[in-house]
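Chemist: Build me a structure from this.
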Amino acid sequence: MHSSNETTVVARSISKRYRVSLKGTGSRRVLRRTSTVQALKNLSFVTYAGESIGVLGRNGSGKSTLMSLLAGNEAPSTGEIYVKERPTLLSVGAALKKDLTGLENAKLGLLAQGFSRAHASETFRSVAEWAEIGDAIYRPYDTYSSGMKARLKFSIATAGFPQVLLIDEALATGDAAFNRKAKDRMDEFLDNAGTVFIVSHSASTIRNHCNRAMWLNEGELLADGDVASTSSTYRRWTKALSAKDRKKASQAIRHARKTYESPQILLDSEAAANLN
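Modeler: This is a model prediction of the structure:
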């Protein structure tokens, strides 16, 4: 499945729980209580250099939570995550300054990624040009369409060719020409032993851009493997849901659970200890 034995990410038995406050009213007073939301449930996987991994799932499945954990923005409630290099997260909601121009945001984004001031000053104009948004690069970011924002964010995030790139739904906001250009850059990135995660609810996006697919549903990893088979099962499930055919939807979930086997991950130190 993977083109290299070089490990880039190891996630072992990770879960994520959130405590949320609920408020209601009683006969005489406001009632408050807390509840636990299980966003991710005991996920384990290993990724390798040269892999482009699609993470499929509907809204609320845990996709963005997983990306946040991998990026180091949050810690898992249980389990461990090991990365070769801290991943770069490209998100539709990524914060660029709305009152700054695209050109100014390009420079700011490079500095936020760790570029030196000198390197950012040398690079930011070419980053802005790659986005191909014309004279809009001189206008405030707040005036951009979603597609223009996606182009600029992608150009900034990939400028330094990070070891691990996390793309959270961003490609869905670009047009066909942008997607082709983005794929060319990702292919170049993968040729240089990078690893890409692409989050989407679209099976076609994953098939077009990825050589491996994961399917998350209500925080559970239901599949991890071949793009064609994983995306096919996912599409059958979403089609059944759209048709309100609960029986077929349940069958797709059961099939995925039956065929998926979570990997048992041992670190080198643990494997050596077992041999002694």
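Chemist: So what's the residue count around the closest residue to Leu89 other than its chain neighbours?
Modeler: Counting by CB to CB, 6 or more residues apart in numbering, Leu89 lies nearest to Ala71, which is 4.0 Å off, once chain neighbours are set aside. C-betas here are computed from N, CA, C, even on glycine. When neighbours are counted by other CB atoms under 10 Å, Ala71 registers 20.
Chemist: how far away is Ala71 from Ala177?
Modeler: 28 Å (CB to CB, to the nearest Å).
Chemist: where do the strands sit along the chain?
Modeler: Ranges of strands in the chain, per DSSP state E, are 7-25, 30-48, 52-56, 78-83, 88-91, 164-168, 195-200, 212-217, 220-225.
Chemist: beta partners for the closest residue to Thr259 other than its chain neighbours?
Modeler: Closest residue in space to Thr259, ignoring its immediate chain neighbours: Ala223 at 7.4 Å, by CB to CB, 6+ apart. Beta-bridge partners for Ala223, by DSSP bridges, are Trp215.
Chemist: One more: Ala11?
Modeler: In this structure, Ala11 bridges to Phe45, Ile81 when assessed by DSSP bridges.
Chemist: so it makes contact with Pro87?
Modeler: No. Counting by CB atoms under 8 Å, Ala11 stays clear of Pro87, with 11.7 Å between them.
Chemist: By mean pLDDT, show me the worst of the strands of the chain.
Modeler: Across the strands of the chain, strand 88-91 has the smallest mean pLDDT, namely a mean of 78.
Chemist: nearest to Glu270, of the strands of the chain?
Modeler: strand 7-25 (10.3 Å; CB to CB).
Chemist: who does the closest one touch, helix- and strand-wise?
Modeler: Applying 3 or more CB pairs under 8 Å, 6 or more residues apart in numbering; DSSP states H and E, one finds that strand 7-25 contacts strand 30-48, helix 63-71, strand 78-83.
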